[in-house]
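>>> dropping the sequence and predicted coords here.
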Amino acid sequence: MNITVTAAAERFMRRMVRFGGAGAGAGFRLAVAPGGCSGYSSEFNIEARPRPGDAALEVNGLKIFLPAESRVLLEGYTVDFVETAAEAGLRFFDPNAAGGSCCSTSNTGKPAVATVSVASIGRRS
């Protein structure tokens, strides 16, 4: 797998895993699919272990679980996390795209953004 995770994205993912309540060996499961207004949509969960068919990518000890479709879509991409007063979310960039544009399949020229809701992480008993 050739996927780059920026330091900002790694910090965000580590925080989610740490507070996700899935235990010491847990990982960040990132599912990316075509769609959304900017080309890709994504969801994440904190999982104790990879699901069947997932591959585990390790970044400085952080486990990232990726389903097959996500691995294909993110091959060669950079995953970043951006937080501003107006938005917070993961962004996916293709560094090989002409003009350094992002992975967006729309003609807006905006990067694909997956807005993250911390409320989507449920505590496990």
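Now that the structure is in, tell me what you want to look at.
>>> from here on, just use CA atoms for contacts and neighbour counts.
Noted.
>>> quick check, distance from the lengthiest helix in the chain to the centre of its chain.
Across the chain, the longest stretch assigned as helix under DSSP state H is helix 7-19. Relative to its parent chain, helix 7-19 has a centroid offset of 10 Å by Cα atoms, centre = their mean, to the nearest Å.
>>> which SSE is the residue most central in space within the chain in?
For the chain, the residue nearest the mean C-alpha position is L30 (4.8 Å; Cα atoms, centre = their mean). Using DSSP states H and E, L30 maps to strand 27-34.
>>> tell me which other helices or strands that strand touches.
With contacts defined as 3 or more Cα pairs under 8 Å, 6 or more residues apart in numbering; DSSP states H and E, the packing partners of strand 27-34 are helix 7-19, strand 40-47, strand 62-66, helix 68-74.
>>> what's the burial count for P67?
18 (other Cα atoms under 10 Å).
>>> list the contacts for the closest residue to A8 other than its chain neighbours?
Nearest residue to A8, sequence neighbours excluded (Cα to Cα, 6 or more residues apart in numbering): F81, at 5.4 Å. By Cα atoms under 8 Å, 6 or more residues apart in numbering, the contact set of F81 is T6, A8, A9, F12, A88, G89, L90, R91.
>>> helix or strand: which one has F81?
strand 78-83.
>>> partners of that strand in the sheet?
Under the criterion DSSP bridges, strand 78-83 sits next to strand 4-5 (parallel), strand 88-93 (antiparallel) in its sheet.
>>> out of those, which is closest to F44?
Among these, strand 88-93 comes nearest to F44, with 10.3 Å by Cα to Cα.
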